[in-house]
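J.: turn this into a structure:
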Amino acid sequence: MSEALLELRDLSGGYPPVSVFRGVSMSVGEQESVGLFGPNGHGKTTLLKTVAGLIDPWEGDVVFQGRRLNAEGKMRPRISRNFNYDLFQKRRIRAATVVEAGVIYVMQGNLLFPEMTVEEVLGVAPLAAKGRSGVREMRERVHHLFPRLQERRFSKIRYLSGGERQMVSIAVGLLALPKLLILDEPTLGLSPKLRLELMQAVRQIRESRVPLIIVDQNIEFLSGLVDRLLLFDHGAITREIDAASMPSHDEAMAMMFGESH
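T.: Numbering: from 1, shown residues only. The predicted structure follows:
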């Protein structure tokens, strides 16, 4: 495997007092694409939100290009449930620090500004690039990847279809000029036709050598897009599979829950 771009070292976290994931160690290499597969509700999104700086890690480290992005040591316990803990305790990881480093997280659910037009949203997105060069070239690439957005550029986000909003979300992530792009359930709720269209776009992103972490419930979607597949079950990585041994959906579920599943 190539030199590590991102390393998670014994990372644990959740929503106090509930632990969601624990002792997660994984890496993503330069120009590598890694898939994360597992049942809903087992902590994948919470893990990614922690990596993105939206949730504080309880312990462990998020290291990107050799730099630790979080505060060292364990998170201190909350003293009381009756006041806003965040007013009295500094964040252990900041989303702004993560974005400045070049880690861009495209959340599931198409969380965009509904009253802004496509053109307005895409115009704001490069502000997250924090001085990284290549915005004009990436804008041209985005137009090539998602020609439908050019057609809908003056439409408000609220009037787009679910698939079109997902295209905008990924386009926003790309316009931040990521050194690592994280896609959380990009095909959630999409029709088979739109899923195929999005898969082709993600394949082109991968071919452009943007490192990726992709979470999806569809093994067929991940096949051909990732170099390695990590099975995630009950808050922990339970197995790593290389692309040459990519299982079917049923095989992956059997690996996680037994042949009787």
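
J.: residues contacting P211?
T.: Contact partners of P211, counting by C-beta atoms under 8 Å, 6 or more residues apart in numbering, are 5-6, 28-33, 179-181. The way it works is simple: take the backbone N, C-alpha and C, and place the C-beta from them, glycine included.

J.: point out the least confident one among those.
T.: Ranked by pLDDT, those bottom out at Q31, which has 89.

J.: re earlier: buried subset of the contacts of P211?
T.: Burial by neighbour count, 16 or more other C-beta atoms under 10 Å: within the contacts of P211 this picks out 5-6, 28-29, 32-33, 179-181.

J.: just the contacts of P211 now: which is nearest M116?
T.: Of all the contacts of P211, M116 sits closest to L181, with 21.8 Å by C-beta to C-beta.

J.: ok so, going back, can I get the buried ones among the contacts of P211 in TSV including distance to E207?
T.: Shown next, in TSV, are these (distance: C-beta to C-beta, whole Å):
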residue	distance to E207
L5	18
L6	20
V28	17
G29	16
E32	13
S33	10
K179	17
L180	16
L181	13
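
J.: in helices, which of the residues you listed fall?
T.: In helices, judged by DSSP state H, none of the buried ones among the contacts of P211 are found.

J.: okay, and the beta partners of the spatially most central residue of the chain?
T.: In the chain, the centroid-proximal residue (C-alpha atoms, centre = their mean) is I182; its distance is 2.6 Å. Counting by DSSP bridges, I182 forms beta bridges with Y105, I213.

J.: and it, what's its pLDDT?
T.: 98.

J.: one more: R132?
T.: For R132, pLDDT reads 88.

J.: cool, and P77?
T.: Residue-level pLDDT assigned to P77 equals 74.

J.: tell me who's in contact with it.
T.: P16.

J.: following the helix or strand that E137 is a member of, which helix or strand comes up?
T.: Using DSSP states H and E, E137 maps to helix 135-145. Beyond helix 135-145 in the direction of the C-terminus, DSSP H and E gives the next helix or strand as helix 147-151.

J.: which residues are contacting the helix or strand that that following helix is followed by?
T.: Next in sequence after helix 147-151, counting helices and strands by DSSP H and E, comes helix 162-175. Applying C-beta under 8 Å, 6+ apart, the external contacts of helix 162-175 come out as 104-107, 110-112, 118, 121-122, 125-126, 128-129, 135, 138-139, 141-142, 145-146, 148-149, 152, 157, 160, 181, 183, 186-187, 189-191, 194, 197-198, 201-202, 205, 210.

J.: so which bits of helix 162-175 are buried?
T.: Under the neighbour-count criterion of 16+ other C-beta under 10 Å, helix 162-175 has 163-175 buried.

J.: do stretch 218-233 as well
T.: Here stretch 218-233 shows 219, 221-223, 225-233 as buried, counting by 16+ other C-beta under 10 Å.

J.: from those, which land in strands?
T.: Judged by DSSP state E, the subset of the buried residues of stretch 218-233 located in strands is 228-233.

J.: show me where the stretch 1-150 of the chain has its strands.
T.: Assigned by DSSP state E, counting those that start in this stretch, the stretch 1-150 of the chain shows strands spanning 4-15, 18-29, 33-37, 59-64, 67-68, 103-106.

J.: M255: which of those strands is closest?
T.: That would be strand 33-37 among the strands of the stretch 1-150 of the chain, by C-beta to C-beta, at 9.9 Å.

J.: which elements pack onto that closest one?
T.: strand 212-215, helix 219-222, strand 228-233 (3 or more C-beta pairs under 8 Å, 6 or more residues apart in numbering; DSSP states H and E).

J.: fine by me, we can end here.
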